[in-house]
Every structure is written in C-alpha cells, then in structure tokens.
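Enquirer: Sharing a sequence plus its predicted fold:
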Amino acid sequence: MSKWGFFVLGFLLVLPYSGQAAVCLWVSSYHTGYPWNDGIEKGLTQSLEGACELKKFFMDTKRHPDSSHASLKATEALELIERLQPDIVIASDDNASAFLVAPHLKGSKIPVVFCGVNWSVEAYGYPAPNITGMVEVTPVSAMIDGLRKTLPTARRGVYLSSDVPTEKIEFTHIARKMASEGINLKAHFVKNWAQWKEGVRVGQNFDFIIFGNYNGIQGWDGHKGQQVLQHKNKRLTLGHYQWMLPYVMLVFSKDSVEQGQWAGDVAKAILSGRRASEIPISPNRKSHLYYNPQLLKSAGFNSEHDLLLKATPLEADE
C-alpha cells in the first residue's frame with residue numbers, strides 16, 4: 001500500500017447525497033485551454049453535475065509564473081471565498097496549495113479537496129483536519145522500463161523543459177528514481193524558444209531526452225518545434241504529458257481526468273457528511289502509453305516492438 005494510503009471510491013458512491021443547494025468553488029492554478037487543466041475540469045464537471053453549483057477561479061500561473069502574480073491571484077481567490085461562502089473548495093495543482101490553501105485555508109472551517117499536487121504534500125503540511133486530496137505521481141518506473149526496452153544501452157539523459165516550478169519538482173523526482181536505476185539525468189530548463197532549440201542541440205550529446213513541458217516557454221511555436229525535432233534530433237525522446245506527443249516519441253502519461261473525477265467524488269462525500277480527515281490522501285493510479293511513429297522512424301528507432309502493442313499511436317492529423 002502506498003504511503004498516502006489507497007482510497008476506495010466505491011464506498012463513496014453509496015453515500016446518500018442531501019440534495020441541498022451547495023456551492024463548490026474550484027480554484028485552478030492554471031488557465032482554460034491548458035490541456036492538463038482542461039482534463040481536471042472535465043472530470044470535475046462530470047462528477048459534480050447535479051451535486052452542487054460549480055464556481056471556477058483560474059490563477060493562470062503557468063503563463064505568469066512569477067510569485068507576485070500567484071500571490072495576487074491567491075488574494076483575489078480569498079476575496080471570492082469571502083463573498084461566495086462556498087461549502088467546499090477544490091484546489092488543483094501546486095500553486096493553488098502553495099499560495100492559497102496552505103497559508104490561508106489550512107485549519108479553517110471550510111473543507112478543501114486538492115488534486116494535482118506533484119509527488120509530495122510535505123511542503124504544504126497536509127493532511128490537515130479540513131484537507132484531503134490526490135497526489136500527482138509520474139509513472140517513472142514505466143518510463144524506465146520503456147527506455148530500457150527501446151534503448152538498452154541508455155545511461156545518460158537530459159530533461160529539457162520550461163523553467164517553471166512544477167517542472168523542477170518533476171525533474172527532481174524523476175532524476176532521483178532514475179539514479180536509483182543507474183541512469184544519470186541532467187536538467188536543462190529554458191525560458192524562451194531560442195533556448196529550447198539550443199536545448200535540443202545540447203541533447204544530442206546524451207543518450208536520450210525527456211521533454212517536460214512547452215507551456216511556459218516564451219515564443220513557443222509548435223509547428224517549428226515539430227520541424228526541429230524531425231530534422232535535428234536523433235536521440236530517443238520521452239515525455240509524461242499526453243499533449244507533448246507531437247514532439248515526443250514515447251509518452252508515459254498521467255490522467256488529469258482521473259484527478260478531477262476523484263476530487264469531485266470526494267467533494268460529494270464531504271457534502272454528504274464525511275469529514276475530510278476521514279478520507280486518506282491518495283496517489284493517482286491511471287497511466288497511459290502513447291507513441292509517435294513518425295518521430296521514432298525518422299530517428300531510426302523500431303516502432304513495432306512489443307512495448308507498443310497496447311500503446312496508442314499519434315494519429316496523422318494530430
């Protein structure tokens with residue numbers, strides 16, 4: 001059993017729901033149109049339909065990563081909470097916890113359900129009597145297994161990603177796990193398009209490249225990014241976000257819809273009378289493997305071995 005404890009959602013589904021008009025406030029760290037954020041929203045909306053009136057607040061910290069912006073948005077969210085007096089707050093991803101929940105809502109009377117907190121809740125002092133949630137864990141073991149099956153000689157890699165706090169958390173945990181398996185992973189964080197292109201060039205000196213996230217890279221051009229990787233990259237590329245598949249050969253992704261669905265189901269349980277403290281913090285359990293046949297072929301890698309038998313390919317028009 002995980003150190004966070006496993007939470008069986010089945011028992012929630014048999015709990016009676018009071019039917020009273022309730023207000024649920026979702027505070028998102030990010031913005032509409034960001035694929036991870038949209039997946040959480042989809043799961044939440046599906047779960048909470050008919051259970052409460054879902055209000056939404058977007059902190060937009062992926063496009064505006066400076067801490068002053070996050071602090072300002074946290075203040076605005078607090079003002080909204082004061083006006084709405086919601087029955088429950090749902091907070092997705094790290095910045096909502098770092099700037100709003102941990103400093104202002106922890107220990108308060110309002111119940112909070114978080115999701116999308118990367119890897120560990122230690123920095124936020126969770127759990128708390130009024131707080132529970134789902135931790136977001138990248139399927140690194142599956143990634144390492146896929147790396148070894150595709151490139152058995154791989155020993156050195158580089159993590160190329162936008163220079164944002166979430167990606168630094170991801171790198172730290174992925175690098176630690178890979179080091180325990182004898183694989184050395186270096187970080188290369190970039191702020192803009194020119195730095196990213198240079199990062200691809202630097203990556204040719206390593207056995208493989210993990211592309212973290214293009215969101216947060218100023219001047220990012222998806223079409224040109226595909227061209228760069230098609231013609232300039234000859235290294236195996238891995239990723240852990242589904243939307244990175246046009247730029248990555250193998251993606252071992254989490255499921256953001258799972259995060260939203262779980263948070264919504266837990267919110268309903270709390271609205272029905274459960275205490276947040278009675279519901280253990282849980283890690284995500286779903287993961288998916290996707291692959292990009294064109295990029296694999298262009299770099300000379302086999303796109304037909306057994307690793308990919310149950311994987312989902314990138315469609316030609318994606």
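Expert: Structure's in. What do you need?
Enquirer: for Thr61, helix, strand, or coil?
Expert: Three-state assignment for Thr61 (DSSP: H, G, I helix; E, B strand; the rest coil): coil.
Enquirer: Distance-wise, check the nearest residue to it once chain neighbours are set aside relative to Gly212.
Expert: Nearest non-adjacent residue to Thr61, counting by C-beta to C-beta, 6 or more residues apart in numbering: Asn95, 4.5 Å away. The C-beta positions use only the backbone N, C-alpha and C, and glycine is treated the same way. Going from Asn95 to Gly212 by C-beta to C-beta, to the nearest Å gives 17 Å.
Enquirer: Also Ser71?
Expert: Ser71 is 25 Å from Gly212, by C-beta to C-beta.
Enquirer: Have a look at these two and say which one is more surrounded.
Expert: Comparing Ser71 with Gly212 by other C-beta atoms under 10 Å, the one with more neighbours is Gly212, at 25 against 15.
Enquirer: so who does the residue nearest to the more buried one when sequence neighbours are not counted touch?
Expert: Computed as C-beta to C-beta, 6+ apart, the closest residue to Gly212 that is not its neighbour in sequence is Ser161, at 2.6 Å. By C-beta atoms under 8 Å, 6 or more residues apart in numbering, the contact set of Ser161 is Glu167, Glu170, Phe171, His188, Phe189, Val190, Ile210, Phe211, Gly212, Asn213.
Enquirer: let's go with 10 Å and repeat that
Expert: Listed by C-beta atoms under 10 Å, 6 or more residues apart in numbering, the contact partners of Ser161 are 167-168, 170-171, 187-190, 196, 199, 210-217, 239, 241, 244.
Enquirer: Likewise for Arg275?
Expert: When contacts are counted by C-beta under 10 Å, 6+ apart, Arg275 is found next to Pro111, Pro129, Asn130, Thr132, Ala269.
Enquirer: The stretch 101-250 of the chain: strands as residue ranges?
Expert: 112-118, 131-136, 156-162, 184-190, 208-211, 236-239, 250-253 (DSSP state E, counting those that start in this stretch).
Enquirer: burial measure for the closest residue to Pro86 other than its chain neighbours, as a count.
Expert: Spatial nearest neighbour of Pro86, chain neighbours left out: Leu25 (3.9 Å); criterion: C-beta to C-beta, 6+ apart. If you count neighbours by other C-beta under 10 Å, Leu25 ends up with 23.
Enquirer: Dump the contacts of Arg275 to JSON lines, plus distance to Gln46 and neighbour count.
Expert: Output for these, formatted as JSON lines (distance: C-beta to C-beta, whole Å; neighbours: other C-beta atoms under 10 Å):
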{"residue": "Pro111", "distance to Gln46": "21", "neighbour count": "24"}
{"residue": "Pro129", "distance to Gln46": "28", "neighbour count": "13"}
{"residue": "Asn130", "distance to Gln46": "25", "neighbour count": "21"}
{"residue": "Thr132", "distance to Gln46": "20", "neighbour count": "28"}
{"residue": "Ala269", "distance to Gln46": "16", "neighbour count": "23"}
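Enquirer: how near is the residue lying closest to Cys24 once chain neighbours are set aside to Asn215?
Expert: Closest residue to Cys24 apart from its sequence neighbours, by C-beta to C-beta, 6+ apart: Cys52 at 4.2 Å. Applying C-beta to C-beta, the value for Cys52 to Asn215 is 30 Å.
Enquirer: what is the mean pLDDT for the longest helix that the chain contains?
Expert: Using DSSP state H, we find that the single longest helix of the chain is helix 67-84. Mean pLDDT, helix 67-84: 96.
Enquirer: Next, the angle from the helix or strand following it to strand 112-118.
Expert: Note on helix 67-84: by DSSP states H and E, the next helix or strand toward the C-terminus is strand 88-92. Between the axis of strand 88-92 and that of strand 112-118 there is an angle of 0 degrees, by axes from the mean of the first three to the mean of the last three C-alpha atoms, to 10 degrees.
Enquirer: and the helix or strand that strand 88-92 is followed by, which residues are buried?
Expert: Sequence order places helix 94-96 as the next helix or strand after strand 88-92, per DSSP H and E. By 16 or more other C-beta atoms under 10 Å, the buried positions in helix 94-96 come out as Asp94, Asn95, Ala96.
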